[in-house]
Each structure stands twice: as structure tokens, then as C-alpha cells.
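**Student:** take this sequence and fold it.
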Amino acid sequence: DQKLGKEKAARLEEALLHMGILDALIIAPQYREQVLQSEEGCCDRYLFTDAEYVRNNLMDWLDIDNPDHDMFLYQNVSGVLSAITSGRSDQAATWIDEDGNYKIGVLEGTVTKQYTPCFIGSTAREQYRLDKIAELQQLLEEKQKEIETEEQEIIEVSKLQPKEIEDYVNSLKDMAKYWY
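**Tutor:** Sure thing, here's the model as predicted:
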């Protein structure tokens, strides 16, 4: 959170998302051939941990959140981040600058600068978590209201006499003739 600041973290995260890096699978090099032989209809993006180290890289800007002190996780993630140049470079094949501009091979791009980060930084992750909880609570309340409305309709129908239900069903059948 402290190395980049909120605005730069947002631009970096948006660039990583546009580049396909943020949600790519990190794969150890010994699984390269196996992973690249995907089945028809399947696709994904992969970051192999044997990428070549560059001197000024994303590790200068980011810290790896590793509360379990998992060395395997740390080595794999740091290996990928160490292969992406931090800052614009004419020599680097892949870079991201602090404004969110990026290059990946022959492709260069920009970001909207309107993105709200949800993965980079503990504060961003916590806010994203809270926003998701609020969104799901709202959805739950809406569904509960729908259920209550349906239950009320069921109760109303259950109060009808058999002859009233039969008349109602027949009226629906008569209307259905005009629907098709």
C-alpha cells in the first residue's frame, strides 16, 4: 500500500488486468508442455516462472502478501514480477509505467485511469471485500422480498375454493389461445 499510493496502484492493477497478467495462471516451467496442450474449446493465459529477470522490475513497486510464509508461492510470484520492467523502456519486451501505460511484446496500451483497484494493496482488498458483502446482502434482501411476495400469492391462492381455482385456470387457458 505504501510503495505506490492508491492512484498508482489503481493504474498498475488496471494495466495488469488489460495485459492479461492479473488473472493468468502462474506455472512452473516443468509443466509448460503439459499446460500448453489444452483441450479443444479450452483456453487460458499462463505466466511461467522461468521468465528472465530484469533489473528494474515490479518487485520495486510491489510486496508479495504471503502471510503463510510459503516459499514456493513467494518464489513463483516474485519470479514473474521480476520479469516485468517497472517503467517505460525501449529495450524491454514487457513493461508498465507509473501512469498505467504498458507494453507486452509488440502491443502497447493505456488504461482508463478510472479503475478502482481490488487486488493490489491490503486496503483495496478489504474495501473490495466489504463492497462485495454489501452487494450480496442487497441481492439477498431483494430475493427475500421476492420470496415473501410469492409466498403471499401462494397464501392468497390457497384461500380460494376449488371452484374458484378451476375458474381461474380456465380463464388462463382461454387467454393462452391468443398468446400463440
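**Student:** contacts and neighbour counts: CA atoms only from here.
**Tutor:** Will do.
**Student:** what helix or strand is the residue sitting furthest away from the middle of the chain located in?
**Tutor:** In the chain, the greatest distance from the average C-alpha position (C-alpha atoms, centre = their mean) is reached by Lys163, at 54.3 Å. Lys163 is part of helix 162-179 when elements are defined by DSSP states H and E.
**Student:** let me know the pLDDT of the most centrally placed residue in the chain.
**Tutor:** Computing the C-alpha centroid of the chain and ranking residues by C-alpha atoms, centre = their mean puts Asp23 first, at 7.1 Å. At Asp23, the model reports a pLDDT of 90.
**Student:** skipping adjacent residues, who's closest to it in space?
**Tutor:** With C-alpha to C-alpha, 6 or more residues apart in numbering as the criterion, Asp23 has its nearest non-adjacent residue at 7.0 Å, and that residue is Leu17.
**Student:** report the buried residues of the helix or strand containing the one you found.
**Tutor:** Using DSSP H and E, the secondary-structure element containing Leu17 is helix 6-19. By neighbour count with 16 or more other C-alpha atoms under 10 Å, helix 6-19 contains the buried residues 6-16, 18-19.
**Student:** now the residue lying closest to Ile165 once chain neighbours are set aside: how far from Lys3?
**Tutor:** Using C-alpha to C-alpha, 6+ apart and skipping residues adjacent in sequence, the residue nearest Ile165 is Val157, 7.6 Å away. Taking C-alpha to C-alpha, to the nearest Å as the criterion, Val157 is separated from Lys3 by 63 Å.
**Student:** do you know the pLDDT at the residue nearest to Ala92 when sequence neighbours are not counted?
**Tutor:** In space, and not counting its chain neighbours, Ala92 is closest to Thr85: 6.7 Å by C-alpha to C-alpha, 6+ apart. For Thr85, the model assigns a pLDDT of 93.
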